[in-house]
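**Q** for reference, the sequence and a predicted model appear below.
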Amino acid sequence: MRLRHGTAFIFLFSFLLTSCGGGGGSSAGGGANTTPPPPTPPQLKITTSSLPPVLAGQPYSFQLKGSGGVGALTWSSATQIPAGLSLSSSGLITGTLASPNDYILFIELQDSGSPAQSVSAIFLILVPTPINIIAATPMAPNRFVSFDFPPVVTGGTPPYTMTISAGALPPGVTLSNNHISGTPTQAGVFSYTLQVTDSGPDPIQQTTSVQTSMTVGSSLQITSMTLPVGMQNQPYSFTLTAVNGTDPLQWSVNGLPAGLTLDSATGIISGTPTAATVNPANLSVTVTDSSSPPAHSTTDLSLNITGLLQFTSTNLGNAVVGQFTFFNIPFSGGVRPVSATLTSGSLPSGWVLDSTNDSITGVSTQLGTYTFTLQLQDSSSPPQTIQGSLTLNIVPKPPVITTTTLPRAVVNASYSAPLAATQGTPPYNWSIQSGSLPAGLMLDSTGLIHGTPTTLGTSTFTVLLTD
């Protein structure tokens, strides 16, 4: 073998020598003695896959498990064990956690072999926060006035299950689907115990309760919360209501729209509104009873007067062929929502009527003018219904000038340069919109710049293209 200067090549060969049967080997005893290799120790594994959760303040005990390896197994943690817990060398985690939190442990397992095997695993101890009832009764419930109150609970494992474990809610009030709601029919103080159980698995499911009371008042209160929408030039009537007052009641209001009045004895708002409201009218309503001294209740309400349902245009406009286009149906007035249906004619191919959003959308594929009839119906009672004929024009794409530069011109030399464009509908008409051509040159309507320039210089101008 030839070696290159400065470079060494090393070849390692192994030979297996065996004797030939019956033969002329020279070794004593007729063959070589070999020592078998030691057996491979079982692979060390941590077989525990997860740690059970625990509640803070409760005793905790869990044995970690492993398999394989040689001899005694030793457990340890590469991370600090949470306060209140300890890990023995045999893998037993015991103690009582002092505070709720989630803890990550990096556990290691080592056997007694030589060399020793070691494995590790990451575990999470879940410690949920204690369940706590923050609010168990509504604020200032009033007789004959409905309410809906969801008790406020924190901690634990949602969702929660709520029950009344002792006492009773006021007549007319129930606990259902974790809501205390209803219309109390009796004033007074009602004591009860609200019990809450979370959805945590055993052993961390939590239950807590709180003793509380609900005080139901009997004060004068306006119960009308909203006013129905009114219609311009249409009769309107609505009766305001109140509870717990001493009859007769006296009503007053500020801010009624023109054409409406309030009967102070009956609380009836009536009349014929003469104009639509751009924004809802803000009303301040007060009721006074006949007790001594008299009781008062005031609330703010809003009243919207809408105009008559009507189309505001018959032409939707132009849509460019091949481009997505969105048109709102042109109408005003009426009570939303307003539904739209196609009653005659047809939309262009590729277009749809979106009644939910009061719109017509699509991508046009063919030029043309399309006329169709839409029917609109609002949500007033009784509903208003109108029909109108609308027109939609599908137009070609607008022309685009494709010429971006012009060739240089030479003084006193004939010059000719055509301008080019695409799209639109030929024939085109070209003109100078602003600026001017050099002296001696002109632009004709076909888009040709030609002539003989007579002076040196640079000219800037804007070209207008009309199809």
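**A** That came through, no problem. All of these numbers come straight from a predicted model, not from anything done at the bench.
**Q** return the set of residues that bridge with N429.
**A** Each beta-bridge partner of N429 is listed here: T466, as defined by DSSP bridges.
**Q** contacting residues around it?
**A** 445, 465-467 (Cβ atoms under 8 Å, 6 or more residues apart in numbering). Where you see a C-beta, it was placed from the backbone N, CA and C, and this is true even at glycine.
**Q** who wins for neighbours among those?
**A** L465 (17 neighbours; other Cβ atoms under 10 Å).
**Q** verify the stated contact: that residue with Q423.
**A** No: counting by Cβ atoms under 8 Å, L465 does not reach Q423; the two are 10.3 Å apart.
**Q** shared neighbours, these two?
**A** Residues touching both L465 and Q423 comprise P399, with contact defined as Cβ under 8 Å, 6+ apart.
**Q** tell me the one among the contacts of N429 nearest to P184.
**A** Taking Cβ to Cβ as the measure, P184 sits nearest to D467 out of the contacts of N429, at 75.3 Å.
**Q** how far away is that closest one from G322?
**A** Using Cβ to Cβ, to the nearest Å, we find D467 at a distance of 16 Å from G322.
**Q** what do you get for D148?
**A** Applying Cβ to Cβ, the value for D148 to G322 is 53 Å.
**Q** between those two, which has more neighbouring residues?
**A** Neighbour tally, D148 and G322, criterion other Cβ under 10 Å: the higher count belongs to G322, 12 against 9.
**Q** next up, the contacts around the more buried one.
**A** Shown here is G322, whose contacts under the criterion Cβ under 8 Å, 6+ apart are 363-365, 397.
**Q** one more: S252?
**A** Applying Cβ under 8 Å, 6+ apart, the residues near S252 are 262, 264, 285-288.
**Q** just the ones of those in strands?
**A** Cross-referencing the contacts of S252 against strands under DSSP state E gives 262, 285-288.
**Q** gap between L309 and P280?
**A** Between L309 and P280 the computed distance is 18 Å (Cβ to Cβ).
**Q** list the contacts of whatever helix or strand L109 lives in.
**A** In this structure, L109 is located in strand 102-110 according to DSSP states H and E. If you take Cβ under 8 Å, 6+ apart as the criterion, strand 102-110 is touched by 44, 46, 51, 64, 66, 69, 73-79, 81-82, 87, 91, 97, 116-127.
**Q** strands of the stretch 1-150 of the chain, start to end?
**A** Secondary structure of the stretch 1-150 of the chain (DSSP state E, counting those that start in this stretch): strands at 45-46, 59-63, 66-67, 74-77, 85-87, 92-96, 102-110, 118-126, 132-135, 147-149.
**Q** in a markdown table: those strands, plus mean pLDDT.
**A** As requested, the strands of the stretch 1-150 of the chain are arranged in a markdown table below (pLDDT from 0 to 100):
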| stretch | mean pLDDT |
| --- | --- |
| strand 45-46 | 96 |
| strand 59-63 | 94 |
| strand 66-67 | 96 |
| strand 74-77 | 96 |
| strand 85-87 | 94 |
| strand 92-96 | 95 |
| strand 102-110 | 94 |
| strand 118-126 | 93 |
| strand 132-135 | 96 |
| strand 147-149 | 97 |
